[in-house]
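Chemist: Have a look at this fold, sequence not included:
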């Protein structure tokens with residue numbers, strides 16, 4: 001029973017540490033291997049055309065990138 005409690009506490013501490021890291025960095029947890037992009041897959045689904053939600057997200061990202069490019073100080 002002691003091993004179970006010790007293991008549970010260790011896992012709980014790791015989850016808390018990851019949560020704190022996410023809260024402060026606002027960055028999702030990602031794998032060390034680079035994900036699907038490292039093997040040449042651009043998107044997760046096999047759809048030829050992105051869905052409406054994905055199109056909105058891509059447009060928002062492009063607008064943000066353009067705004068940052070236009071307002072660059074250096």
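Modeler: Cool, got the structure. Everything numeric in this text was worked out from a predicted model, so none of it was measured. Numbering: from 1, shown residues only.

Chemist: Beyond the helix ranked longest in the chain, next helix or strand please.
Modeler: Under DSSP state H, the helix in the chain containing the largest number of residues is helix 2-25. Moving toward the C-terminus from helix 2-25, the next helix or strand (DSSP states H and E) is helix 52-70.

Chemist: So what touches that following helix?
Modeler: residue 50 (CB atoms under 8 Å, 6 or more residues apart in numbering). Every C-beta, even on glycine, is put in place using the N, C-alpha and C of the backbone.

Chemist: Give me the buried stretch members for it, please.
Modeler: Of the residues in helix 52-70, none is buried under the neighbour-count criterion (16 or more other CB atoms under 10 Å).

Chemist: same for the longest helix of the chain, what does it pack against?
Modeler: When contacts are defined as 3 or more CB pairs under 8 Å, 6 or more residues apart in numbering; DSSP states H and E, helix 2-25 sits against none of the other helices and strands.

Chemist: avg pLDDT for that helix?
Modeler: When pLDDT is averaged along helix 2-25, the result is 90.

Chemist: can you check stretch 63-74 too?
Modeler: The average pLDDT within stretch 63-74 is 86.

Chemist: Can you give me the distance of residue 50 to residue 63?
Modeler: Distance, residue 50 to residue 63, using CB to CB, to the nearest Å: 16 Å.

Chemist: actually residue 73, not the one I typed
Modeler: Using CB to CB, residue 73 is found at 19 Å from residue 63.
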